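Novice: prediction below, plus the sequence it came from.
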Amino acid sequence: MDGMPECSWDAGPTSFASFGDIPGNLCSPTDDWPRPFRNLNHDAAWDHLAAASNLHSVKFDPTGRWRADALNFQPCAETSSQDRYAVQQIHIKGRVWTLSAVFDGHLGSHTVEHVAHHMPIIVREHLELISQKHGDRVVPPPLIADMFAMAIRAFDDAIANDVLELFPGGLSSLSRLSDLQIQEVLDDQLSGGQNYTKARLCLYGTTALVALVDPDHQNLWLANLGDCQGLMVSETDQKAWNVEFLTRFHNGENPLEVQRVMNEHPGEPECILDGRVLGAIAPFRCLGDTPFKQPPEFTRRILYNLYPGQHDTSPWEEFLMRNHTPPYISSTPEVTHYPLDPSPQAPRKYLILCSDGFTDICGTNQRAIVDQWARAAACGSSRELDEKSLALRLLWQALGNDPTSVSRVLTLNMDSPWLDDVSIIVQCL
C-alpha cells in the first residue's frame, strides 16, 4: 500500500504552510518552514483524498444497515504505508461472523502483511473448532473471548517456532552449527525461499486491533495488542452522540502496562528504559518482534545470518545486552466484550478502529472530532451515506474539515513523511 498516487486535478494556487498547520507530531520546527502546497477546491481535495486512501467497503447484510468502510492513508509519495486493515465475513456452519481489524506495522512491512492476510484464517479455524465442540449450542461469550486470545497467541508463537523447527534440537542446537551451516538453512531463495520467508517475519512486528461480531449481532469482541484504538459511537435518546473508548494503549504511557512488565522481570530495572521495552520499542504488546521474545542467541545466530546479514549490529546489541528473561513483549491480547442490540429500533452505533496515526492527527481534540463527524453523518441522506465512505468522512474531519486544511496535508512539498500512517475502519452496528 504505497503513498499518495499520482492523479490529476485542477491545479490550485500555491500557498504556504507553517509548522503549526500540519496535524500530528511527525514534523519538526526545524523542517525549513514555511513550505509550499497546492490549495485545491473542495471537490478536487475530496477526490484526491479518496484516491490516496485505499478505500474499501463491505456490506454485511442486503440492506446495508450493517457495513464497514475502511481506509489506509499515507500522503507522502516517497513512503509506503506500514498500516494494514482487514474486513471479512467468516462462514461457520452456515452462519456468518464478521471480522474487522487494523494493524500498525513497524521496522518493515513483511510481518504486518503476513498478519493481515492470515489473521482472519486463524480466527476462522479456531471458531470452527469451538463450534464443533458445542454442536448446536450457543458458545458462551467468555469462551469466545478465551478462544480469541488463544488464536492470536498461537499465531504469534508460530512465527518463531516455524524458524526453530528448521534446526533439529531448537535453539540449543545452534551452538553446534557454524554461521555458514545456519546460512545454508536460511538463505534458500534459489529454491523457493520458504525458510528465508519464515525467518524474515521475525525481524519485524505489528500492533493489532481485531473486532469480531457474532452471527446474531448480539456480541462484539475486541482483541487489542499495542496502541491502536477502538471507540464506540452511540446515538442517545437526545439525538446526541456518546463517544466511548473501548481499548487501552499498551505502551509506556499506561502505568498498568509498565507495572506488568516490571513485575514479570523483577530485578531488571532496564526492562523498561525511557518508556520503551528494553529501551528500544514503544508497544508493550505486539505480534512478531521476535528479538524481544526469544533469548539473544536467536537474534545473534539466526537473524544475523539471514541474507544479507546485519553489517552494523550495534543497534541490536544495545537492547540484546538487556535481554535476560524473555519474553519482554507480550502476544496476549486484551480482549473486551461488548453487548449489542440487533433490533431495528436500536439506536445507531458506529465502531471505529484506528491506528495511532489517527489519534496523532486528532491530538487532544479526538472526542470533539468524532462527535462532529457523527453529527454530520446523522444529518446526511441515506444515499449520501451509502455513496461516501464513513471512514473517509472521518479522516476529512480529522484533517480540518475544509479544503485548505486537507490540501496542506495532501500536497505539501516535502520529501520525508509529514504524517504517520493512518488506518481507519468504521463499522455500522
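Specialist: Received the coordinates, thanks. Numbering: from 1, shown residues only.
Novice: list the buried residues in stretch 177-187.
Specialist: Neighbour-count burial for stretch 177-187 flags 177, 182, 183, 185, 186, 187 (criterion: 16 or more other CB atoms under 10 Å). Bear in mind the C-beta positions are built from the backbone N, C-alpha and C, glycine included.
Novice: how far does it sit from the chain's center?
Specialist: How far stretch 177-187 lies from its chain's middle: 34 Å, per CA atoms, centre = their mean, to the nearest Å.
Novice: what's next to that stretch, contact-wise?
Specialist: With contact meaning CB atoms under 8 Å, 6 or more residues apart in numbering, stretch 177-187 is reached by 166, 167, 174, 195, 196, 199, 301, 302, 305, 306, 307.
Novice: residue contacts, the fifth one?
Specialist: Pointing back at residue 196 there. Residue 196 is in contact with 186, 187, 188, 189, 306, 307, counting by CB under 8 Å, 6+ apart.
Novice: can you check the fourth one too?
Specialist: For residue 195, the contacting residues are 163, 166, 185, 186, 187, 188, by CB under 8 Å, 6+ apart.
Novice: picking up where we left off before, name the nearest of the contacts of residue 196 relative to residue 404.
Specialist: residue 306 (47.2 Å; CB to CB).
Novice: which stretches of the protein form helices?
Specialist: Per DSSP state H, the chain carries helices over the ranges 42-51, 110-134, 141-164, 179-186, 194-200, 255-264, 296-297, 314-320, 356-362, 366-379, 382-387, 390-398, 403-411.
Novice: coming back round to it: same list, the buried residues of stretch 177-187, but as CSV with pLDDT please.
Specialist: Listed next are the buried residues of stretch 177-187 as CSV, based on pLDDT from 0 to 100:
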residue, pLDDT
177, 97
182, 97
183, 96
185, 97
186, 96
187, 94
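Novice: farthest-apart pair in these, please.
Specialist: Spatially, the most separated pair among the buried residues of stretch 177-187 is 177 and 187, at 13.9 Å (CB to CB).
Novice: select only the buried ones of the contacts of stretch 177-187 in PyMOL?
Specialist: Here is the PyMOL command that selects only those of the contacts of stretch 177-187 that count as buried (16+ other CB under 10 Å):
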select buried, resi 166+167+174+195+196+199+301+302+305+306
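Novice: from residue 167, how far off is the residue of the chain most remote from its centre?
Specialist: The centre of the chain is farthest from one residue, residue 176, which by CA atoms, centre = their mean lies 39.2 Å away. Counting by CB to CB, to the nearest Å, the separation of residue 176 from residue 167 is 10 Å.
Novice: what of residue 151?
Specialist: On the measure of CB to CB, residue 151 and residue 167 end up 26 Å apart.
Novice: repeat for residue 153
Specialist: Residue 153 is 23 Å from residue 167, where distance means CB to CB.
Novice: likewise for residue 134?
Specialist: In this view, residue 134 and residue 167 are 39 Å apart by CB to CB.
Novice: again, but for residue 283
Specialist: As for residue 283, its distance to residue 167 is 29 Å (criterion: CB to CB).
Novice: neighbours of residue 413, how many?
Specialist: 11 (other CB atoms under 10 Å).
Novice: who's in contact with the closest residue to it other than its chain neighbours?
Specialist: Spatial nearest neighbour of residue 413, excluding adjacent residues (CB to CB, 6 or more residues apart in numbering): residue 36 at 4.8 Å. By CB under 8 Å, 6+ apart, residue 36 lies in contact with 14, 15, 16, 17, 413.
Novice: contact partners for the fourth one?
Specialist: Looking back up the chat, that one is residue 17. 33, 34, 35, 36, 37, 408, 412 are the contacts of residue 17 under CB under 8 Å, 6+ apart.
Novice: please apply the same query to the second one.
Specialist: With contacts defined as CB under 8 Å, 6+ apart, the neighbours of residue 15 are 36, 37, 38, 39, 404, 407, 408.
Novice: closest one to residue 255 out of these, please.
Specialist: Checking the contacts of residue 15 against residue 255 with CB to CB, the nearest one is residue 408 at 36.1 Å.
Novice: what's the distance between the closest one and residue 304?
Specialist: 43 Å.
Novice: where does pLDDT dip in the stretch 51-200 of the chain?
Specialist: The stretch 51-200 of the chain contains no residues with pLDDT under 70.
Novice: follow-up on the earlier one: now, which of the contacts of residue 36 sits nearest residue 375?
Specialist: Nearest to residue 375 among those is residue 17, at 28.2 Å by CB to CB.
Novice: and residue 131, how many neighbours?
Specialist: 18.
Novice: burial count for residue 342?
Specialist: Counted with other CB under 10 Å, residues neighbouring residue 342 total 14.
Novice: now the closest residue in space to it that isn't next to it in sequence: how far from residue 255?
Specialist: Distances taken as CB to CB, 6+ apart put residue 217 closest to residue 342, at 3.8 Å, once the chain neighbours are dropped. Counting by CB to CB, the separation of residue 217 from residue 255 is 36 Å.
Novice: hang on, the earlier thing: who has more neighbours out of residue 408 and residue 304?
Specialist: Between residue 408 and residue 304, residue 408 has the larger neighbour count (other CB under 10 Å), namely 26 against 16.
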